[in-house]
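Chemist: mind looking at a prediction? Sequence and model below.
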Amino acid sequence: MLTLDRPRVMGVLNVTPDSFSDGGQWLGKSAAIDHALAMQEAGADIIDIGGESTRPGAQAVPLQKELDRVLPVIEAIAANLSIPVSIDTSKPAVMRAAVHAGAGMLNDVYALRMQGAVEAAAELAVPVCLMHMQGEPRVMQNDPVYEDVGAEVRQFLLQRASECEAAGISQHNILLDPGFGFGKTLQQNTELFHSLPGLVSSGYPVLVGVSRKAMIGALTGRDVSRRTAGSISAAVLAAQAGAAIIRVHDVAETRDALKVATALWQGWA
Ligand code: 7PJ
C-alpha cells in the first residue's frame, strides 16, 4: 500500500467533538474532506480518521455514532484523494465497515484487544498498527507505573504481534507504536522515546505519534495551539531513530522538516 523507504507522514483527521487539539473543527463532512485534501496537498502520505476521542478522560462513543461520523468521510476521501486512509478505532464493526468504505489500514490504540478485533483484522487483511497503552483512556494518566518503560512496552508489543500472527494476521501487515502519552508520565515518555531504536530493531515498522501532545506542552510550556515547533523536533528525532511513519497534525511543516533532516542526515540530496 505504501513503501516505507523514507519516513512517511500520517495526517490526523478527527471527526469528533472532543479531541484535544482539533475537536469539533472537522465535524461537518465537507470541512473534513477539505482538510483531508489540504493535508494531501501538503504532502501527507496517509490520512488517519478517528471518530472516537482517546484523550485522557474521554468517554466511550456508541458504535452507531462512531459509524455515522467516520463512514461518510472515509467514502468521500477514498473517492477524492489518491493517498490511503487509515481508520483509528478499536471496534471490530467499525474496522469492517471502514475497510468496506475504502479504508486501507487499521490503527488501534487497544492493539486489537477488544473482543473480535483480531479476527476482524485477520479477515480484512490490511496493515494494522498495534499501539501500547497502559490502562484505558478514562483513567490511564492516574499514576502510571513501570519498572523499565522501554523494555515493558517493547515486550508487550512483540507479544501482541506474535498473538496476532498466530491468529492469521500476516507479519508484513503489522506495525508497532509505543503509544506516547497513553498511560505514561512525562519522564516515562522521554525514556520511552530514548528507547525507540530498540523497538525499531524488532524489524516491524514503527509508528510514532507525539504531535501536540501534553509531553510537548510540558517541555515547552505552550498550550496546544502553539506546539508545532516542539512537535516537529520530536518528529525529526523519531525519524532519525528509524520510525517509519510519523502521525501529525501539522503536515506541511513536518514534511519540510523531514525532507531537510533526512537529506542532511544521509549526506545525500
Ligand atoms: C495516537 C493514535 C498515537 C496511534 C492518538 C492524539 C491522541 N494512534 N491516536 N498513535 N494518538 N497509532 O492524537 O494525540 O500516538 S489520539
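Modeler: That came through fine. Numbering: from 1, shown residues only.

Chemist: show me what from this protein comes close to the ligand.
Modeler: Contact residues (CB under 6 Å from any ligand atom) of the chain with the ligand: 12, 54, 88, 107, 109, 129, 131, 177, 179-180, 207, 209, 213, 247. To be clear about C-beta, it is placed using only N, CA and C from the backbone, and glycine gets the same treatment.

Chemist: quick one: the helices in the chain?
Modeler: For the chain, the helices defined by DSSP state H cover 29-41, 63-80, 92-100, 117-124, 149-166, 186-194, 196-200, 214-220, 228-240, 251-266.

Chemist: could you dump the ones you listed to TSV with mean neighbour count and mean pLDDT?
Modeler: Output for those, formatted as TSV (neighbours: other CB atoms under 10 Å; pLDDT from 0 to 100):
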stretch	mean neighbour count	mean pLDDT
helix 29-41	17	95
helix 63-80	18	95
helix 92-100	21	98
helix 117-124	20	98
helix 149-166	18	98
helix 186-194	17	98
helix 196-200	17	98
helix 214-220	18	98
helix 228-240	20	98
helix 251-266	17	96
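
Chemist: reformat the ones you listed as CSV; add distance to R6.
Modeler: Shown next, in CSV, are the helices of the chain (distance: least, CB to CB, whole Å):
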stretch, distance to R6
helix 29-41, 17
helix 63-80, 23
helix 92-100, 26
helix 117-124, 26
helix 149-166, 23
helix 186-194, 21
helix 196-200, 15
helix 214-220, 24
helix 228-240, 9
helix 251-266, 6
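
Chemist: what's the closest of the ones you listed to Q141?
Modeler: helix 214-220 (8.4 Å; CB to CB).

Chemist: which strands and helices lie in contact with the closest one?
Modeler: Contacting helix 214-220 under the criterion 3 or more CB pairs under 8 Å, 6 or more residues apart in numbering; DSSP states H and E are the following elements: helix 186-194, helix 228-240.

Chemist: list the contacts of that helix.
Modeler: 56, 180-181, 186, 189-190, 210, 222-224, 226-227, 229-231, 234 (CB atoms under 8 Å, 6 or more residues apart in numbering).

Chemist: can you report how many residues lie near the residue in the chain positioned nearest to the ligand?
Modeler: Closest contact between the chain and the ligand, by CB to the nearest ligand atom, is at G209 (2.4 Å). Burial of G209, expressed as a neighbour count using other CB atoms under 10 Å, amounts to 30.

Chemist: how many residues are close by the closest residue to it other than its chain neighbours?
Modeler: Sequence neighbours aside, R247 is the residue nearest to G209 in space, at 3.8 Å (criterion: CB to CB, 6 or more residues apart in numbering). Burial of R247 is recorded as 26 neighbouring residues (other CB under 10 Å).

Chemist: mind listing what R247 touches?
Modeler: Per CB under 8 Å, 6+ apart, neighbours of R247: M10, V12, D48, L207, V208, G209, S211.

Chemist: out of these, the closest to A239 would be?
Modeler: V208 (8.4 Å).

Chemist: my guess is that closest one meets G242, correct?
Modeler: No: under the criterion of CB atoms under 8 Å, V208 is not in contact with G242, lying 9.9 Å apart.

Chemist: who has more neighbours, those two?
Modeler: V208 (28 against 15).

Chemist: that one bridge partners, please.
Modeler: Beta-bridge pairing of V208 under DSSP bridges involves I246.

Chemist: show me what contacts it?
Modeler: So V208 contacts D177, P178, F180, L196, A234, A235, A238, A243, I245, I246, R247 (CB under 8 Å, 6+ apart).

Chemist: could you do T89 as well?
Modeler: If you count contacts by CB under 8 Å, 6+ apart, then T89 has G50, G51, E52, E66, V70, M95, A98, L106, N107, D108 around it.

Chemist: same deal with V236?
Modeler: So V236 contacts A257, L258, A261 (CB under 8 Å, 6+ apart).

Chemist: excluding chain neighbours, what is closest to Y204?
Modeler: In space, Y204 is closest to L176, 4.7 Å off (CB to CB, 6+ apart).

Chemist: please read the previous query as pertaining to A263.
Modeler: A263 sits nearest to A269 (CB to CB, 6+ apart), 4.5 Å away.

Chemist: neighbours of the one you found, just the number please.
Modeler: When neighbours are counted by other CB under 10 Å, A269 comes out with 8.
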